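**Student:** I would like to see how this sequence folds:
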Amino acid sequence: MDNNVNQKIISGLERISNAFRVLLWEESKLYKISPIQIQLLIFCGTHKKEDLNVSFLATEYDLTKATISDSIKVLLKKELLSKTINAKDSRSFTVQLTKKGKEIVEKTSGFTTVLKESINSFSELEKGIFLERLMLLIYQLNQKDVISTQRMCLTCFHYKKDGNNHYCNLMEEQLKNSELQIDCPEHQVLHN
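**Tutor:** Modelled structure (predicted):
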């Protein structure tokens with residue numbers, strides 16, 4: 001019976017993944033850029049500039065540097081991104097959104113609205129439990145080298161769990177399940 005439930009959960013995750021892919025493809029057709037290019041633009045609009053380089057983005061999306069470089073070249077050519085060369089290493093650069101890129105991000109960042117509306121029907125308790133379980137699944141996939149290091153509480157140096165309680169040593173406060181971070185700008189990798 002347990003395997004049947006496991007398979008149902010896996011099938012459910014697959015369907016959610018398909019929904020995400022369909023929503024992203026719809027947006028990409030509107031702007032004549034690929035789904036990963038839309039994701040890169042949205043990421044650039046929500047993260048600090050020092051993280052907006054080929055290596056970091058390749059790790060973030062579990063793609064090769066060549067794939068990320070190709071996407072960035074297209075976005076630079078379409079004038080949706082601009083680049084700043086690293087003064088210490090002319091081969092290295094960071095990217096940032098142009099005005100045109102910011103306009104695309106404003107229009108496309110709502111592609112997950114239908115998913116947010118569905119999640120909004122959950123109670124706060126259900127959302128917290130779902131987030132905690134989702135993070136645990138991501139953490140386990142990370143530990144098995146299926147996905148790269150994630151900037152979330154469970155992989156952070158500042159995170160501590162005591163029984164069912166979560167605690168952030170950086171903020172010096174206990175966290176509810178719903179307050180756990182999945183993309184924390186203050187994340188510091190936990191070294192085992």
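
**Student:** low-confidence ranges in the chain?
**Tutor:** Scanning the chain for pLDDT under 70 picks out 1-2, 149, 191-192.

**Student:** domain map for it?
**Tutor:** What automatic domain parsing lists as the domains of the chain is 2-113, 123-179.

**Student:** can you list the residue ranges for strands in this protein?
**Tutor:** Using DSSP state E, the strands of the chain run over 81-85, 93-97, 159-162, 165-168, 173-175.

**Student:** and Lys100, how many neighbours?
**Tutor:** Using other C-beta atoms under 10 Å, Lys100 has 13 neighbouring residues. Heads up, the C-betas are built off the backbone N, CA and C, glycines and all.

**Student:** picking up where we left off before, now the domains of the chain as CSV including distance to Glu186?
**Tutor:** Listed next are these as CSV, based on distance: least, C-beta to C-beta, whole Å:
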stretch, distance to Glu186
domain 2-113, 11
domain 123-179, 6
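
**Student:** closest to Gln188 out of these?
**Tutor:** With respect to Gln188, and counting by C-beta to C-beta, the nearest of the domains of the chain is domain 123-179 at 4.1 Å.

**Student:** of all the domains of the chain, which one is nearest Pro185?
**Tutor:** Of all the domains of the chain, it is domain 2-113 that lies closest to Pro185, at 6.5 Å by C-beta to C-beta.

**Student:** circling back: now, of the strands of the chain, which is deepest in the fold?
**Tutor:** With neighbours defined as mean count of other C-beta atoms under 10 Å, those peak in mean count at strand 93-97, which reaches a mean of 18.

**Student:** output it as CSV - backbone C-alpha positions only.
**Tutor:** In CSV, the C-alpha atoms belonging to strand 93-97 read as follows (Å, rounded to 0.1, in the frame of the first residue of the first chain):
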residue,chain,number,x,y,z
PHE,A,93,31.2,39.1,-16.3
THR,A,94,27.9,39.7,-14.6
VAL,A,95,24.6,40.5,-16.3
GLN,A,96,21.8,42.8,-15.4
LEU,A,97,18.4,43.6,-16.8
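
**Student:** helices and strands around it, which ones?
**Tutor:** Contacts defined by 3 or more C-beta pairs under 8 Å, 6 or more residues apart in numbering; DSSP states H and E place strand 93-97 against helix 35-46, helix 65-77, strand 81-85.

**Student:** the same query, at a cut-off of 10 Å, please.
**Tutor:** Using 3 or more C-beta pairs under 10 Å, 6 or more residues apart in numbering; DSSP states H and E as the contact test, the elements touching strand 93-97 are helix 35-46, helix 54-61, helix 65-77, strand 81-85, helix 99-108.

**Student:** which one of these lies closest to Gly12?
**Tutor:** helix 35-46 (21.6 Å).

**Student:** how far off strand 81-85 does the closest one point, in degrees?
**Tutor:** Interaxial angle, helix 35-46 versus strand 81-85 (axes from the mean of the first three to the mean of the last three C-alpha atoms, to 10 degrees): 70 degrees.
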